[in-house]
Every structure is written in structure tokens, then in C-alpha cells.
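**Q** Below: sequence and its predicted model.
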Amino acid sequence: MKEENKLILLACLQKRTEIEESKIKQIISQKLDWGYIVGELIHHRLSGYFISYLPENEKKYLYKEVNKQLSLIYKLNKYITMENMKFFSNIFVQFEKAGIKYAGLKGVIYNASMYEVGVRRSNDIDILIPETEIKCIDNILRNNGFIQSINNNREEASKRDKMIQRLKFHDLIPYYRNVDDSILIPYYKMDINFRVDNTKGGLTKKFFDYGTNVYEGNGYSVRGLRWETHLLHLCVHFAREASNSVWVKDKRDCMLYKLVDIENTIRYFGKEMLKVWLEKVAQFECDEDIFMTFFNLNKLYPNESYKQILKSTNVDESIVDKIKVIGTNDVMSREKDYIDESFDLNYCIDFSKNN
């Protein structure tokens with residue numbers, strides 16, 4: 001792996017080891033392609049992580065303008081996230097009062113637990129609900145000025161578009177509310193997820209039966225999945241995108257912040273908890289999702305714990321290169337290693353392909 005890539009991956013981590021800290025010092029003092037590094041950071045949405053977690057003593061190696069621009073991105077992330085959370089905190093209170101069963105996902109949980117606000121860019125709020133809660137959620141959101149749209153809040157989606165949306169994009173319903181008094185936020189967006197995987201709600205029900213917690217930090221609180229199912233959901237989410245043509249066709253599956261988030265989540269809870277975690281989530285039967293996630297995670301951050309997880313799942317390694325073609329029963333093979341593909345920005349999106 002290129003030294004530039006190693007630096008990116010290490011500098012974006014929380015709770016680094018002494019060996020990792022030494023490796024950063026050793027790499028960053030070399031002659032590096034900073035144009036390449038900055039391009040990768042921006043593409044993979046890792047700018048906030050990098051400038052936040054790069055040791056202060058090592059920031060002297062950054063070009064002055066690079067430091068300024070990465071710091072500006074951090075500030076913009078912070079402003080947008082705080083504006084979103086200030087608004088959605090009231091929505092969460094309404095969910096609680098209505099007795100709605102829900103759980104925040106991904107960014108909204110990270111920003112209320114392990115990340116400082118500004119580290120991670122969050123474009124919207126993701127929540128998980130049982131499908132039976134859709135009508136109640138719809139009522140609350142519409143009472144707060146939201147519409148269900150697929151074109152960035154321009155108009156209410158047609159019945160046909162709503163059906164296509166639910167079939168193609170992880171059984172997800174996007175809601176938008178226009179914002180008139182903000183320069184940086186054109187709308188508030190909440191994505192309603194009602195299926196964890198491709199099954200008809202079975203895994204979603206099991207996740208909620210396992211329970212939820214309230215996460216509190218950075219001045220707000222939000223209900224989310226317990227840490228075991230929170231981490232498992234990250235694995236299922238990553239595996240779904242990495243094995244589906246909807247995301248693979250324009251490399252949206254290759255955004256490395258997702259794996260960095262998973263690595264930081266594991267470090268937040270402690271690698272020593274992985275054995276316990278694996279035992280507790282065995283009931284959910286997500287071995288393939290776990291294997292695909294830790295197979296690629298081990299390429300970025302190799303260690304014995306991940307290798308042991310891969311051995312314990314008894315999954316055929318060939319699944320990591322299989323991509324389901326949306327709308328068909330076809331399966332194609334990934335032409336290039338996932339990690340190599342992620343760092344390769346020499347590509348062109350082919351808009352002529354519908355699948």
C-alpha cells in the first residue's frame with residue numbers, strides 16, 4: 001500500500017496505539033504527494049477525521065493552505081451537524097412522546113457518542129423503524145413541514161416513484177423539509193429505513209426485540225440500537241452496498257469513511273469485546289455480512305482479532321467479489337480488489353447504464 005494511503009488510514013483513527021503514532025511520524029516526515037492525499041480525503045469524506053486526529057506536532061508538515069482548507073471543512077461540518085441536530089432533537093422528542101419505536105443510525109449516533117461534532121460530515125439523519133410505524137412517522141414529519149420526495153425537496157414524489165424508491169434503495173423513504181433561513185443548509189432530510197436487510201422485516205424486528213439505548217453527547221441525545229446491533233447494522237449496511245449494482249456502478253460503495261467508521265466504532269467499544277460481540281450477534285445469522293466487512297477491514301487495519309472472526313464465520317471468500325445486478329437475478333464479479341478500487345480515482349461514471 002502507498003505511504004500516502006497508510007497515512008490517511010492511520011491519521012483518521014481514534015485511540016491509536018503507540019506503534020501507529022510512530023508510524024504516522026515516520027510517514028509524514030517523508031516526501032509525499034499532498035495533492036493525492038487531499039484528493040483522497042475529500043472524495044472519501046475523511047477531511048474532518050484527518051485534521052481532527054492528526055497529532056498537532058505533525059501538522060507542521062502540512063502545506064499552510066492545506067491545513068486551512070481542511071480546518072475550514074471541519075468547521076463547516078460542525079456548523080451543519082449542529083444545525084441539523086438542533087432541529088431534529090425536537091423531532092426525536094415527538095417520536096418519544098408518541099411512543100414510536102425507532103433507532104437512529106450511523107452519523108446521528110456517532111455524533112452523540114464517539115466523535116466530536118465536525119469530524120464527520122452528515123448530510124441527513126437516518127433512522128430505523130418497524131414497517132408498522134411508517135404511518136405514525138409520516139404524520140409527525142408532515143406536521144413538521146416535511147414531504148416525501150426523491151428530487152431534493154422540489155416536489156412530492158409520485159406513487160410510482162415511491163414504489164421504485166422502496167424497491168431499489170434499501171427499503172428507504174426520504175423526507176425533506178425546506179430551510180429558508182440558512183446559507184449552508186437548503187433542507188433538512190430524514191431517511192426512514194424500515195428493513196435492515198433484504199428480508200421482509202424479520203431482522204428489523206429482531207434488532208428491536210434486542211433493545212435500544214439512549215446515546216448522549218455533544219449537547220443532544222438520540223435513541224439508537226444497542227452497541228452489538230449498532231455494530232452489526234454497520235456491517236450489514238456496508239455489505240449491502242458493496243454487493244449491489246445500485247451503489248457499485250458509480251463507486252458509491254467505495255467510500256472509505258464507512259470502513260473507517262466501523263474501525264473507530266470497534267476501537268471505541270474495545271477490540272477485546274469482539275469475541276463477546278460475535279457470540280451475541282450469532283442469533284441474527286449475518287455471517288456473510290460480517291465476513292465481507294471484516295475481510296475488507298482487515299486489509300486496511302490487519303490484526304489477529306479480525307482474522308479470527310473471518311475463520312469463525314465459515315463463509316466462502318468468493319462472496320466478497322460478487323455483485324447482485326439490481327432488477328435481475330444476475331450476479332457479476334468485481335473486476336478489481338475493493339480496496340484498490342476505493343483508492344483509484346481514475347474513473348468515469350457511465351450514466352448510460354441503468355443497472
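**A** Yes, it's here. Because the structure is a prediction, the values reported are computed rather than measured.
**Q** And residue 235, how close does it get to residue 182?
**A** From residue 235 across to residue 182, the span is 35 Å (CB to CB, to the nearest Å). Backbone N, C-alpha and C define where each C-beta goes, glycine included.
**Q** quick one: low-confidence parts of the stretch 51-200 of the chain?
**A** Applying pLDDT under 70 to the stretch 51-200 of the chain picks out residues 151-154, 157-159, 161-170, 198-200.
**Q** can you give me the strands in it?
**A** Counting by DSSP state E, counting those that start in this stretch, one finds strands in the stretch 51-200 of the chain at the ranges 103-105, 125-128, 147-148, 172-178, 187-193.
**Q** quick one on the thing from earlier: so if I had to pick from residue 235 and residue 182, which one is more boxed in?
**A** residue 235 (20 against 13; other CB atoms under 10 Å).
**Q** returning to what we had before: select, out of the strands of the stretch 51-200 of the chain, the one closest to residue 326.
**A** strand 172-178 (14.0 Å; CB to CB).
**Q** Run through the neighbouring helices and strands of the closest one.
**A** helix 134-143, strand 147-148, helix 159-168, strand 187-193 (3 or more CB pairs under 8 Å, 6 or more residues apart in numbering; DSSP states H and E).
**Q** tell me what the last one is packed against?
**A** It stands for strand 187-193. helix 64-97, strand 125-128, helix 134-143, strand 172-178.
**Q** ok, 10 Å please
**A** The elements that strand 187-193 packs onto, with contact taken as 3 or more CB pairs under 10 Å, 6 or more residues apart in numbering; DSSP states H and E, are helix 64-97, strand 103-105, strand 125-128, helix 134-143, strand 172-178.
**Q** Could I get the buried residue list for the last one?
**A** Of the residues in strand 172-178, those scored as buried under the neighbour-count criterion (16 or more other CB atoms under 10 Å) are 173, 174, 175, 176, 177.
**Q** Show me where the stretch 201-350 of the chain has its helices.
**A** 202-210, 227-242, 245-248, 257-269, 274-281, 287-300, 304-313, 338-343 (DSSP state H, counting those that start in this stretch).
**Q** Just the mean pLDDT for the fifth one, thanks.
**A** Average pLDDT, helix 274-281: 95.
**Q** number of nearby residues for residue 48?
**A** 27.
**Q** Same check on residue 218?
**A** So residue 218, with other CB under 10 Å, has 16 neighbours.
**Q** Over to residue 32?
**A** Neighbours of residue 32 under the rule other CB under 10 Å: 15.
**Q** Wait, it touches residue 61, no?
**A** Yes: between residue 32 and residue 61 there is a contact at 8.2 Å, judged by CB atoms under 10 Å.
**Q** hey, what's in contact with both of the two?
**A** residue 7 (CB atoms under 10 Å, 6 or more residues apart in numbering).
**Q** so what's the most centrally placed residue in the chain scoring on pLDDT?
**A** Closest residue to the average C-alpha location of the chain: residue 258 at 4.4 Å, with CA atoms, centre = their mean. Looking at residue 258, its pLDDT reads 95.
**Q** hang on, the earlier thing: so which of the helices of the stretch 201-350 of the chain comes closest to residue 115?
**A** helix 257-269 (7.7 Å).
**Q** mind listing what residue 89 touches?
**A** Contacts of residue 89 by CB under 10 Å, 6+ apart are 112, 219, 220, 221, 222.
**Q** just to revisit the earlier point, any chance of the helices and strands packed on strand 187-193 in CSV with distance to residue 294 as columns?
**A** Converted to CSV, the helices and strands packed on strand 187-193 look like this (distance: least, CB to CB, whole Å):
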stretch, distance to residue 294
helix 64-97, 28
strand 103-105, 20
strand 125-128, 22
helix 134-143, 33
strand 172-178, 25
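**Q** of the ones you listed, which approaches residue 326 most closely?
**A** Minimum separation from residue 326 across the helices and strands packed on strand 187-193 (CB to CB) falls at strand 172-178, 14.0 Å.
**Q** got the contact list for residue 280?
**A** Applying CB under 10 Å, 6+ apart, the residues near residue 280 are 210, 226, 227, 228, 229, 232, 273.
**Q** go again using 7 Å as the cut-off
**A** Neighbour list for residue 280: residue 228 [criterion: CB atoms under 7 Å, 6 or more residues apart in numbering].
**Q** ditto for residue 298
**A** Contacts of residue 298 (CB under 7 Å, 6+ apart): 306, 307, 310.
**Q** So it versus residue 310, what's the distance?
**A** 7 Å.
**Q** repeat for residue 15
**A** According to CB to CB, residue 15 and residue 310 sit 22 Å apart.
**Q** element containing residue 13?
**A** Assigned by DSSP states H and E, residue 13 falls within no helix or strand.
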